[in-house]
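> Below are the sequence and a predicted model for it; my questions follow.
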Amino acid sequence: MDEIAVLIGGKAGEGINIAGSVVVRLIAGCGLRAAMYYDYPSLIKGGHNFAVIRGAVKQPYCHREGLDLVLALDQETVRRHQGRLRAGGGVIYDTGRVRGVEGTGLPLDEIVKEEGAPAVTRNMGLIGAFCKTCAIPWETVETVLRRAVPKAVEANLQVAKRGYEAAEMGRPLPTPTAGGAVLPALTGNEAVALGLVEAGLEGYIAYPMTPSSSILHFLAARQEEFGTSVVHPENEISVMLMALGAAYAGRRVAVGTSGGGFCLMTEGFSLAGMAELPVVVVLAQRPGPSTGVPTYSGQGDLLFALSAGQGEFPRPVAAPATLEEAWYWTGALLDLAWRFQTPAVLLTDKNLGEGMYTFHGAPRRPPLPSVRWDGDGDYRRYAPGPDGVSPLADPGTTGVIVKVNSYTHDERGITVEDQATVARMAKKRKEKEKAMAEVLMGYPSVVTTGDPAAKTALLCWGSTAGVCTEAARDLGLRVVRPVVLSPFPTEQFSAALKGAGQVIAVEENLDGQLARLVRAEGHRVDAMVGKYDGRPFFIEDLERRLKEVGA
Amino acid sequence: MDEIAVLIGGKAGEGINIAGSVVVRLIAGCGLRAAMYYDYPSLIKGGHNFAVIRGAVKQPYCHREGLDLVLALDQETVRRHQGRLRAGGGVIYDTGRVRGVEGTGLPLDEIVKEEGAPAVTRNMGLIGAFCKTCAIPWETVETVLRRAVPKAVEANLQVAKRGYEAAEMGRPLPTPTAGGAVLPALTGNEAVALGLVEAGLEGYIAYPMTPSSSILHFLAARQEEFGTSVVHPENEISVMLMALGAAYAGRRVAVGTSGGGFCLMTEGFSLAGMAELPVVVVLAQRPGPSTGVPTYSGQGDLLFALSAGQGEFPRPVAAPATLEEAWYWTGALLDLAWRFQTPAVLLTDKNLGEGMYTFHGAPRRPPLPSVRWDGDGDYRRYAPGPDGVSPLADPGTTGVIVKVNSYTHDERGITVEDQATVARMAKKRKEKEKAMAEVLMGYPSVVTTGDPAAKTALLCWGSTAGVCTEAARDLGLRVVRPVVLSPFPTEQFSAALKGAGQVIAVEENLDGQLARLVRAEGHRVDAMVGKYDGRPFFIEDLERRLKEVGA
Amino acid sequence: MTWITDAQNTWCPGCGNFAVQHALKDVFSGLVADEGRRPEEFVLVSGIGCHAKIADYLAVNSFYAIHGRTLPVATGIKLANPDLTAVACAGDGDAYAEGLGHLVFAAKRNTDITAIVHDNRVYGLTTGQYTPTSYTGFKGRSTPAGVKERPFNPVELALASGATFVARAYTRRLDHLREVLRRAILHQGFSFVEVLQICATYNNLTGTYHDQVYELEGHDTADLTAALARAREWDYSDDAPIALGVFYESERDHETWPAMGRVPDHRRQEVIRGVLEERR
Amino acid sequence: MTWITDAQNTWCPGCGNFAVQHALKDVFSGLVADEGRRPEEFVLVSGIGCHAKIADYLAVNSFYAIHGRTLPVATGIKLANPDLTAVACAGDGDAYAEGLGHLVFAAKRNTDITAIVHDNRVYGLTTGQYTPTSYTGFKGRSTPAGVKERPFNPVELALASGATFVARAYTRRLDHLREVLRRAILHQGFSFVEVLQICATYNNLTGTYHDQVYELEGHDTADLTAALARAREWDYSDDAPIALGVFYESERDHETWPAMGRVPDHRRQEVIRGVLEERR
Ligand SMILES: Cc1ncc(C[n+]2csc(CCOP(=O)(O)OP(=O)(O)O)c2C)c(N)n1
Ligand SMILES: Cc1ncc(C[n+]2csc(CCOP(=O)(O)OP(=O)(O)O)c2C)c(N)n1
Ligand code: SF4
Ligand code: SF4
Ligand SMILES: [Mg+2]
Ligand SMILES: [Mg+2]
């Protein structure tokens, strides 16, 4: 077996997310690659939370139904997930709270008490036992825990040690490929945050909203180090307008939210289009409509992102599938937004943003500097420039007046209503869109995986890429995935789809939004496999569904 | 000549809109049909306003470049529009303000002074002269003016009479067809308002925004008579949420706005989708993005309306082209919204809403009652019902608890997060969409004009229908126009397009939004003729453009 | 009549929301018992947040709305049917941040709604960020170095906005809370009740409140100036005494717009025909 | 230096906006002349409405924004570059209806912005509807039978929200207006200036103001209670005396968030590498 799947479950407040991330880092610490899915309802204490970690020699990006180990802090975990254990799998559990199970039982209350550790370290008992079961050397466990546990490290280590000692070696981890380095582990939201910072973010403005909030928290905690001001104002309308004020005054800013908050930003978003102000919006999807299922995932906002705001204006929209892409494209969107002076959207979702993965490093982006005014003559904010792009100067610059305007305006930024100027300025904005599409030809805007020569092609976008790619590998299919959704990468997409017979869209929504987009761009889609219950596809699940539609 | 085109121009504050509407009613009073386009910049006093009125034997819905009469209150009017006069055309003007023109000159300041009339009645002098020129009998003039002039009727009449006496008969109106009744004249917004009222509107909630405000003003002035409460709250967010509160409590309500205001409503719009609350949004378009060109017209918000709000939910969207359709579809959307418990959008624009036309009466709608609870058993707001529609009861009903919810919920309206219920409720909403599409088969959801057998078909939507139809008549083309844009009327549309070779979209936007929609629905579009300067197509203009793309 | 649904309650142990839920239940049932109110006339509107789950838990009509928007929804409900009794349960994030403007307007219009703000002085459900009433220095997840602003004083703001009933209560004074809520609901016009609510997980101020709260006595609720003075005693950051009780109560017209009603269809048709006649 | 652009001015004859434009121009040029300010440091943010056209007319940096949102834009500008002097010109529809919440928050944070509200007590550009400061009974196009609500008092509201400079001026008292605007801009922190602005077309209150306004004298601008009392003298509907001048002025910290700055790229790279190391 070259992979392992571990589930840890318990109540909200019992540290399931942390425990899961520790398991990821233990597996990574052994030179393997890992992916974690974290499942929790919208409540603070109680209920049922669980994390599933898949470790493998090659980087996993999705999950299977089958599990090898279930670490149970409570009976509910066993009740819900035991059935997923595959042959040879086992349960590690708290004897004080779980009855009627075979496996490795640990009296966690007693252990914690004996070690004088806080109750929340119970999870470490299970983790210790897991490490032993998987034959992870104690030194590795200690090193990882010292790094990964946020507080009370000694207590955590002691409890882990007790678990370690109580368990038996049983199911060693897969053997990593020789020389497999230990990779760092990040959540998707951390990759977004770091990608923004690396690309020169000077301000991050957000109002808390799941599943985007952890970007806010991560950046707030490190704002001094990063030199990025983090601003949490009274609501999303303010978020957007403050961002535009800051962009006008010369700073690189991004905002983050989910669908409901994005609704409130749409008026400002359209303003950005008209005033030609750059901003990057991280739009983290969850199942809608409205409040929906706030701690779960979905892909229901693609068409909304593509057309949000009144009127027509260019807007780069990209949907990354992995940490590496998230990092890369946040930077790329900052570059594009500032080069073309227009708002951009990074479409992510809960599964990517709150999932954790080992991180392989992001590729370098092509250089794309913004167009600065050369200081010659009278400054006009909307003066004609290359590709419809007007050279930028910041307010405060000596001898310069910078006027931006939400009305249709002339080259100086003064309101106009006459036919000729209205049409001319509309064409200027359109020109930027065309130029942007050209520039994007030099980016990995469409990604093909699976068998690039296969007749049947799966179409997907964003975080479903992983499961599609694995299913395609099993079934001998091709996967074509536009990362850039606007301006649509027509040529790259057509090339990627060349020779495909059957085309099947796989999306976490009802309506087949990518399928609609692709059809609007003149391509055929034959079938659609949708999921809209907030949970990601299992590989088995997707393969079954694909066979049903004749893949 | 079976038509006449009259332009009246002057400054804002000089009563150009009223003068134009009086000309419409004079022409209508002679048994003819008329259409008025009103052009004004966004200011209160000064600038240049003008109205163009086309009168004809058959109902006109658009305008030509050529004019027969220019009524000029100032020099600017002559400067701008004299060039549009066709052979035999003439100018009627104020000698006190206009120099260097041939035609009928009137010393309006003196006339007004001599009659002791307010300065704003100057326009009536020109109108009197126009009536004489066009051989409209004085009795007709008097009857119409008594009805059409809002105040100081006698003074207006006296000034008109002076104009009448000073002019010569020159260019009689076309002869109406025998027995042609005198039709009432309305603006598009008045037709929307009356259509809503006729269909049982109980509340209209709006925040002022051009070009929707005149619906608010019209209904506010008559709320007592109509029995429709008119509510103007602090902003559009409140507008939408108040409407949903009222709909929940059992009233039929509509709201009205333009693009920027609609942005602020999108979050509530999505709430309506999830909570299954009906509301009708009148979305009156103007050129965007952002504040744009607020007193002009455009068709840039179609895709936004189709996907506004996070997540997926059914939303009937209809775009009427005429008064009759505006009246009919406001009612139809109220019916549909209440039957299927979901928000609806009536997409209009400035040219339709603020244009004036003679009105032919709206056809009757098929009956479509909402589904009421029969009082049996325990009430559950989201209980399964026919086509996914749950029977309605109002809060306050004895023995009933009505719970609505923005979260995904179970049949009782209580928040849920489990996979099965999340998926089931999503399917319930989708079922309503399918049923709605079926119901719409019984409505005139797609309209074909021109030559239904022609090989070349023009595609259009909303207020460009008139100009497309006339151009099609001249060039021997077919015009296919979906009035319903969501759920897309696939069958009717395919039938209407049957046998078409070349398909050309004509839209008042840059991106070809209907073209995109139609492609997403699996149809071909070969070319696009766009206009995005805020002004409507002239017939000549469109025909030229159509020939350029090979129609 | 049962007042509690069988929905699973997911508030944390020790959460002050339980107190609000019980107090409201008691007030509703009391009004049914001694004022002849019908259980079906109560409509609860809630925002989004921990507090808002009360809409799932109380077995009354409810509109579980979106973040920040309880008051426009409640206003719409009252416009549609003035016979309903509208109670809006909002969080402090809800009422004081996302949707602050609506509070000022509901007060200005004096719409007949009872607004209850579950003021735990933190965003609970999104796991602990500062809100407009968090004390200066509060370390939330978006302000790990401590909030620099000073909080605002919602009682003062409600008074300045023209609310005709303004009170403060505390979730660990259940009897008092119940009494205040009852008076608020009985008041005709806009009632504003700021409830200091314990958040056991993210902002447990039990100690602070224990030391500082007192119940108003001998205070003239008709005196706006006295009310403002009392309101300003404590600035939501310092250790001054915290007054609980009704600060202010008065009467004012509360019909900004005509309630929605329905003219009989045939009458409407006539009126419409009349309009068309005028336009000939 | 010319301070006026060549854009065609389209305000109605007699409109009070001319006064605000001239006063601002004079204040800006005065600050350049006697305080050594740079003309390029001024940034004007405007909403949408008649008032907002001032952004086209004054030859300074400007952000002609959207309806109701001047203050968040100005806040963003100050966060980005604290050396700029941000002046926000809003309408009463803008500042008191559509975007009221932002006013309370700008005041709470004491952000260093000067907010000027061109309060003509009507929506001008949309042709005459009532606003939150229209007097009771005002017949606007959405309220042809007369407004039933009472107006709110923006001066009182600004004081209750914590603004550290609160003043009122009148467009027919140009010298006084100029002086107030200059003080407001010089004030460090949030300055709120309510300008009673004549709308010649839809709400010409010249007579009313002529009879009722007076300039504050001997008033202690450090005394919040006195300021509130003066603010409440006139309720925006009655015929009480209308005080003009500075009601209140004080100092308070105004750095809610750190200004945006930039760490050198190589330093950022190091920090990022450090984070990745921690995550191994
Ligand atoms: C428009 C919008 N923005 C953000 C959110 C995310 N959100 C949900 S609950 C909440 C905080 C609620 O705080 P509060 O109102 O104080 O309620 P509490 O949880 O403390 O009871 C937020 C920000 C949302 N649902 N909608
Ligand atoms: C979101 C939004 N809603 C409505 C409008 C329409 N609108 C433009 S100006 C205006 C009124 C402005 O009134 P006020 O702020 O008092 O400015 P004034 O014209 O009186 O100077 C309105 C409602 C808009 N532009 N944006
Ligand atoms: S987080 Fe706080 S407010 Fe929310 S349920 Fe827990 S204790 Fe109550
Ligand atoms: S309508 Fe009023 S505010 Fe607007 S320009 Fe005219 S006078 Fe000035
Ligand atoms: Mg709270
Ligand atoms: Mg105004």
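Looks like it came in fine. Ligands and ions are numbered 1, 2, ... in the order given.
> Looking at chain C, which helix is longest?
helix C:17-35 (DSSP state H).
> and it, anywhere near chain B?
No: Helix C:17-35 stays clear of chain B (Cβ under 8 Å from any Cβ of the partner chain), getting no nearer than 12.2 Å. (Each C-beta comes from the backbone N, C-alpha and C, glycine too.)
> try stretch A:320-338
No: judged by Cβ under 8 Å from any Cβ, stretch A:320-338 stays clear of chain B, getting no closer than 15.3 Å.
> start to end distance for stretch A:117-127?
Distance across stretch A:117-127, first residue to last, is 15 Å (Cα to Cα, to the nearest Å).
> which parts of it are buried?
A:117, A:120-127 (16 or more other Cβ atoms under 10 Å in any protein chain shown).
> what distance separates it from the centre of its chain?
How far stretch A:117-127 lies from its chain's middle: 29 Å, per Cα atoms, centre = their mean, to the nearest Å.
> Tell me if it is near chain C.
No: judged by Cβ under 8 Å from any Cβ, stretch A:117-127 stays clear of chain C, getting no closer than 12.8 Å.
> How about the residue in the stretch 351-500 of chain A positioned nearest to ligand 4: what's its closest non-neighbour residue?
Using Cβ to the nearest ligand atom, the closest approach of the stretch 351-500 of chain A to ligand 4 is made by residue A:415 at 14.1 Å. Ranked by Cβ to Cβ, 6 or more residues apart in numbering or on different chains and with sequence neighbours excluded, the top spatial neighbour of residue A:415 is residue A:407, at 4.2 Å.
> Show me what that neighbour is bridged to.
residue B:292 (DSSP bridges).
> show me what contacts it?
A:274, A:415-416, B:290-294, D:64 (Cβ atoms under 8 Å, 6 or more residues apart in numbering or on different chains).
> about what we covered before: quick check: buried residues in the longest helix of chain C?
Buried-residue list, helix C:17-35, by 16+ other Cβ under 10 Å: C:17-28, C:31-32.
> Report the entries of the residues you listed that also contact chain D.
Counting by Cβ under 8 Å from any Cβ, no member of the buried residues of helix C:17-35 reaches chain D.
> Output those as CSV; include the columns distance to residue A:176 and pLDDT.
CSV is the format used below for those (distance: Cβ to Cβ, whole Å; pLDDT from 0 to 100):
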residue, distance to residue A:176, pLDDT
C:17, 49, 98
C:18, 51, 98
C:19, 55, 98
C:20, 54, 98
C:21, 53, 98
C:22, 57, 98
C:23, 59, 98
C:24, 59, 98
C:25, 59, 98
C:26, 63, 98
C:27, 64, 98
C:28, 63, 98
C:31, 69, 98
C:32, 69, 98
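> quick revisit: specify the beta-bridge partners of the residue of the stretch 351-500 of chain A closest to ligand 4.
Note on residue A:415: beta-bridge partners by DSSP bridges are residue A:409.
> Count residues in the vicinity of it, would you?
24 (other Cβ atoms under 10 Å in any protein chain shown).
> Is the longest helix of chain C in proximity to ligand 3?
Yes: shown here: helix C:17-35 in contact with ligand 3 (Cβ under 6 Å from any ligand atom) through residue C:17.
> tell me what that helix is packed against?
The criterion is 3 or more Cβ pairs under 8 Å, 6 or more residues apart in numbering or on different chains; DSSP states H and E, and the helices and strands that helix C:17-35 contacts are helix C:54-57, strand C:85-91, strand C:113-119, helix C:174-186.
> Follow the chain on from the second one and name the next helix or strand.
Translated: strand C:85-91. Remark: after strand C:85-91, the chain's next helix or strand is helix C:92, criterion DSSP states H and E.
> ok and the helix or strand following that following helix relative to strand C:113-119, angle-wise?
Per DSSP H and E, the first helix or strand lying C-terminal to helix C:92 is helix C:100-109. Interaxial angle of helix C:100-109 relative to strand C:113-119 (axes from the mean of the first three to the mean of the last three Cα atoms, to 10 degrees): 140 degrees.
> Restrict helix C:100-109 to CA atoms and write it as PDB.
Extracted C-alpha coordinates of helix C:100-109, given in PDB (Å, rounded to 0.1, in the frame of the first residue of the first chain):
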ATOM      1  CA  LEU C 100     -25.900  49.800  12.300                       C
ATOM      2  CA  GLY C 101     -27.700  52.200  10.000                       C
ATOM      3  CA  HIS C 102     -31.000  50.300  10.300                       C
ATOM      4  CA  LEU C 103     -31.000  50.800  14.100                       C
ATOM      5  CA  VAL C 104     -30.900  54.500  13.800                       C
ATOM      6  CA  PHE C 105     -33.700  54.500  11.200                       C
ATOM      7  CA  ALA C 106     -35.900  52.100  13.200                       C
ATOM      8  CA  ALA C 107     -35.500  54.400  16.100                       C
ATOM      9  CA  LYS C 108     -36.100  57.500  14.100                       C
ATOM     10  CA  ARG C 109     -39.300  56.100  12.600                       C
END
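> hmm, that helix touching ligand 2?
No: residues of helix C:100-109 are not located near ligand 2 by Cβ under 6 Å from any ligand atom, the shortest gap being 13.2 Å.
> Show me which residues of that helix are buried.
Here helix C:100-109 shows C:100-109 as buried, counting by 16+ other Cβ under 10 Å.
> do that helix and chain B meet?
Yes: interface with chain B: helix C:100-109 contributes C:101-102, C:105 (Cβ under 8 Å from any Cβ).
> Make JSON lines out of the residues you listed and add pLDDT.
Output for the residues of helix C:100-109 next to chain B, formatted as JSON lines (pLDDT from 0 to 100):
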{"residue": "C:101", "pLDDT": "98"}
{"residue": "C:102", "pLDDT": "98"}
{"residue": "C:105", "pLDDT": "98"}
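> Let me know how buried residue A:2 is, in neighbour terms.
Neighbours of residue A:2 using other Cβ under 10 Å come to 13.
> Residue A:57 is in contact with that one, correct?
Yes: Residue A:2 lies in contact with residue A:57 (Cβ atoms under 8 Å); the separation is 4.8 Å.
> Need the CA coordinates for the longest helix of chain C. PDB is fine.
Extracted C-alpha coordinates of helix C:17-35, given in PDB (Å, rounded to 0.1, in the frame of the first residue of the first chain):
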ATOM      1  CA  ASN C  17     -28.100  33.000  25.000                       C
ATOM      2  CA  PHE C  18     -29.900  30.400  27.100                       C
ATOM      3  CA  ALA C  19     -31.100  33.200  29.400                       C
ATOM      4  CA  VAL C  20     -32.500  35.300  26.600                       C
ATOM      5  CA  GLN C  21     -34.200  32.200  25.200                       C
ATOM      6  CA  HIS C  22     -35.900  31.400  28.500                       C
ATOM      7  CA  ALA C  23     -36.800  34.900  29.300                       C
ATOM      8  CA  LEU C  24     -38.400  35.400  25.900                       C
ATOM      9  CA  LYS C  25     -40.300  32.100  26.200                       C
ATOM     10  CA  ASP C  26     -41.600  33.200  29.600                       C
ATOM     11  CA  VAL C  27     -42.600  36.600  28.300                       C
ATOM     12  CA  PHE C  28     -44.400  35.200  25.400                       C
ATOM     13  CA  SER C  29     -46.300  32.700  27.400                       C
ATOM     14  CA  GLY C  30     -47.000  35.300  30.000                       C
ATOM     15  CA  LEU C  31     -48.500  37.600  27.500                       C
ATOM     16  CA  VAL C  32     -50.700  34.800  26.300                       C
ATOM     17  CA  ALA C  33     -51.700  34.000  29.800                       C
ATOM     18  CA  ASP C  34     -52.400  37.500  31.100                       C
ATOM     19  CA  GLU C  35     -52.800  39.800  28.200                       C
END
